[in-house]
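Participant: give the three-dimensional model of this entry:
(one chain, ligands or ions: 1)
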Amino acid sequence: MKSADNEAPTELSPVDLRGYRAALESARQGKASAGIPIGSSLANSERVLAAAHNRRVQDNDPTAHAEISALRAAGRRTDHNELTLYTTLAPCALCSGAIVQFKIPRVVVGEWTNFTGEIQWLRSRGVQVLIMEDLEATALMHEFITSYPELWNEDIAHYGAERNRS
Ligand SMILES: [Zn+2]
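Facilitator: The predicted model follows:
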């Protein structure tokens with residue numbers, strides 16, 4: 001099945017499932033290394049190119065979100081406009097900006113129950129976004145937010161009084 005707007009597949013392919021599993025495995029690794037359990041990967045139409053998890057705590061780097069880490073792990077490329085990015089949680093503004101900047105046309109998201117992110121903005125910029133409603137990713141993130149609310153608020157820049165409004 002093809003979408004009306006572009007030629008990117010609107011259904012998940014076997015490569016998509018491998019790409020998403022790589023992102024989910026990275027999220028589990030992030031949790032195991034006492035970090036934020038969000039994973040991401042990049043794939044072309046044939047294979048998974050790179051996978052990574054959020055490294056903000058591990059590297060003391062506020063920009064080391066999972067999607068940014070996956071982009072870094074894949075290195076310099078000239079085919080970002082042919083790739084799919086997988087992420088266990090809806091991308092934030094930082095990562096959505098990178099997706100648009102590098103013209104990544106297609107994003108597969110594990111869940112947006114815990115954080116809605118910038119999915120509507122991505123779609124408004126022509127990015128095809130597929131949402132899996134993955135129960136494992138949802139549970140992993142919910143457990144983390146409940147156990148470490150301060151770390152999570154820091155990740156999405158909810159500081160001071162703002163935290164009480166969310
Ligand atoms: Zn992000």
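
Participant: only C-alpha atoms for contact and neighbour calcs from this point on.
Facilitator: Will do.

Participant: show me where pLDDT drops low in this protein?
Facilitator: 1-8, 161-166 (pLDDT under 70).

Participant: residue ranges for the helices of it, please.
Facilitator: 14-32, 56-59, 66-74, 93-101, 119-124, 135-147, 149-155 (DSSP state H).

Participant: ok, and what's touching the shortest one?
Facilitator: Counting by CA atoms under 8 Å, 6 or more residues apart in numbering, helix 56-59 makes contact with 33-36, 62-65, 155, all of which sit outside it.

Participant: what do you get if the cut-off is 6 Å, keeping everything else the same?
Facilitator: Identification of contacts with helix 56-59 by CA atoms under 6 Å, 6 or more residues apart in numbering yields 35, 62, 64.

Participant: buried only: go through those residues for me.
Facilitator: Buried by 16 or more other CA atoms under 10 Å: 35, 64, out of the contacts of helix 56-59.

Participant: of the contacts of helix 56-59, closest to Glu111?
Facilitator: Using CA to CA, Gly35 comes nearest to Glu111 of these, at 18.7 Å.

Participant: any idea how far the nearest residue to that closest one once chain neighbours are set aside is from Gln29?
Facilitator: Spatial nearest neighbour of Gly35, chain neighbours left out: Val57 (5.6 Å); criterion: CA to CA, 6 or more residues apart in numbering. Val57 is 13 Å from Gln29, where distance means CA to CA, to the nearest Å.

Participant: thanks a lot, catch you later.
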